[in-house]
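In: got a predicted structure here, sequence first:
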Amino acid sequence: MNLDRPLRAALVAVACLSAGLVSAGIVSTEFLSSISQPAAAQDESAQDAGPSNAAPAAGSAQQARAPSGGTPGAFDFYVLSLSWSPTYCARAREGDALQCAAARPFAFVVHGLWPQYEHGYPSSCEVPPPPISNAVVDGMLDVMPSRGLVRHEWDKHGTCDGEDPAGYFAKVRAAFAAVHIPPAYASADAASRAAPKDIEAAFIAANPGLKADGIAVLCRGRRLSEVRVCLDKSLGFRACPEVDRAACRADQVNIPAARGG
């Protein structure tokens with residue numbers, strides 16, 4: 001049976017009915033256009049209308065776009081972002097040799113210590129940023145093995161802390177020391193796989209006082225990328241629902257070894 005003729009007849013009938021409704025003033029052409037818009041396009045519009053200053057989310061340094069500026073020191077808590085170095089190095093550029101071709105392979109390193117609001121976060125609170133000395137930069141390379149990263153983190157996040165560069169990075173080091181890395185993730189000698197919930201559970205077990213609503217395990221392309229831990233201004237553990245909601249939803253993630261591991 002040929003369905004083309006009935007289908008064409010139905011389309012003609014719908015077109016005639018639509019024209020009649022418009023002529024009678026019952027509906028507008030704009031209304032007819034809106035109901036004919038594909039559902040996928042409507043979904044994209046809804047996504048575009050989402051908040052632009054949400055908390056940091058999976059798969060990026062901080063996915064949500066922060067409003068530029070803020071008052072230094074006027075924030076609610078910190079996010080300590082710990083990056084799984086082998087995942088970063090798997091896609092790194094030649095200029096990242098300090099981190100990715102080092103004699104001592106890195107496992108978790110500090111990505112940053114980020115001042116946060118309860119909803120959103122400040123960014124680049126002093127423009128231009130106060131200068132940071134080479135001595136301060138080089139003093140962080142054992143836990144943040146990238147000079148470019150140290151300078152970037154100062155410009156974007158450190159300027160919102162209310163401290164000078166030396167004071168801010170002393171706080172970064174103290175925050176890193178406050179979070180104990182579980183033994184299973186203290187080195188990157190061998191590749192493995194794990195469920196994000198099990199990685200989270202290992203951190204909770206290694207850090208008394210840390211709760212499930214104060215940590216988020218992030219992934220990139222089914223690889224472990226970061227663990228983010230929320231800290232109060234005294235560097236004690238605290239809840240952070242916005243950050244926790246950004247956690248990786250994969251059942252399992254690959255945990256790459258360091259290059260040569």
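Out: Looks like it arrived, so ask away. Small disclaimer: the values here were computed from a predicted structure and weren't measured. Numbering: from 1, shown residues only.

In: and the helix or strand hosting Thr87, average pLDDT?
Out: Here Thr87 is covered by helix 85-89, with elements defined by DSSP states H and E. Regarding helix 85-89, the rounded mean pLDDT is 93.

In: which SSE is immediately downstream of that helix?
Out: Along the chain past helix 85-89, the next helix or strand (assigned with DSSP H and E) turns out to be helix 97-100.

In: buried residues in that next one?
Out: Within helix 97-100, the residues scored as buried using 16 or more other C-beta atoms under 10 Å are Gln99, Cys100. All C-beta spots, glycine's among them, are computed from the backbone N, C-alpha and C.

In: need the CA coordinates for it. CSV is fine.
Out: Written as CSV, here are the backbone C-alpha positions of helix 97-100 (Å, rounded to 0.1, in the frame of the first residue of the first chain):
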residue,chain,number,x,y,z
ALA,A,97,57.5,18.1,31.3
LEU,A,98,58.0,19.2,34.9
GLN,A,99,54.9,17.4,35.9
CYS,A,100,54.6,14.7,33.3
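
In: now do the helix or strand following that helix: everything it contacts.
Out: Proceeding C-terminally, helix 97-100 gives way to strand 108-116 as the next helix or strand, assigned by DSSP H and E. Residues outside strand 108-116 that contact it (C-beta atoms under 8 Å, 6 or more residues apart in numbering) are 55-56, 61-62, 70, 75-85, 99, 121-122, 140, 143-145, 149, 153, 157, 160-161, 168, 171-172, 175-176, 181, 185, 226-227, 230, 240, 243.

In: picking up where we left off before, show the secondary-structure elements that the helix holding Thr87 is packed against.
Out: For helix 85-89, the contact count by 3 or more C-beta pairs under 8 Å, 6 or more residues apart in numbering; DSSP states H and E identifies helix 97-100, strand 223-231 as packing neighbours.

In: show me what the helix or strand that the longest one is followed by is packed against.
Out: The reference is to strand 223-231. Per DSSP H and E, strand 223-231 leads on to helix 241-244 as the next helix or strand towards the C-terminus. Helix 241-244 sits against strand 215-220, strand 223-231, with contacts defined as 3+ C-beta pairs under 8 Å, 6+ apart.

In: dump those strands into a markdown table; add distance to Tyr117 and mean neighbour count as well.
Out: Output for the helices and strands packed on helix 241-244, formatted as a markdown table (distance: least, C-beta to C-beta, whole Å; neighbours: other C-beta atoms under 10 Å):
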| stretch | distance to Tyr117 | mean neighbour count |
| --- | --- | --- |
| strand 215-220 | 17 | 24 |
| strand 223-231 | 12 | 24 |
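
In: returning to what we had before: let's see which of the contacts of strand 108-116 end up in helices.
Out: Among the contacts of strand 108-116, the subset assigned to helices under DSSP state H consists of Ser85, Gln99, Leu149, Glu153, Tyr168, Lys171, Val172, Ala175, Phe176, Val243.

In: lowest-confidence one in the residues you listed?
Out: Within those, pLDDT reaches its minimum at Gln99, with 89.

In: ok, that one touching Pro145?
Out: Yes: using C-beta atoms under 8 Å, Gln99 and Pro145 qualify as a contacting pair, with a distance of 4.0 Å.

In: now for those two: what residues contact both?
Out: When contacts are counted by C-beta under 8 Å, 6+ apart, the set common to Gln99 and Pro145 consists of Ser85, Phe106, Val109.

In: and the second one, what's its pLDDT?
Out: In the predicted model, Phe106 carries a pLDDT score of 93.

In: spit out the contact partners of it.
Out: Going by C-beta under 8 Å, 6+ apart, the list of residues near Phe106 reads Ser85, Pro86, Gln99, Pro145, Ala188, Ala258.

In: distance of the second one from Cys100?
Out: What that stands for is Pro86. Distance, Pro86 to Cys100, using C-beta to C-beta, to the nearest Å: 9 Å.

In: joint contacts of these two?
Out: If you check Pro86 and Cys100 against C-beta under 8 Å, 6+ apart, the residues they both contact are Arg259.
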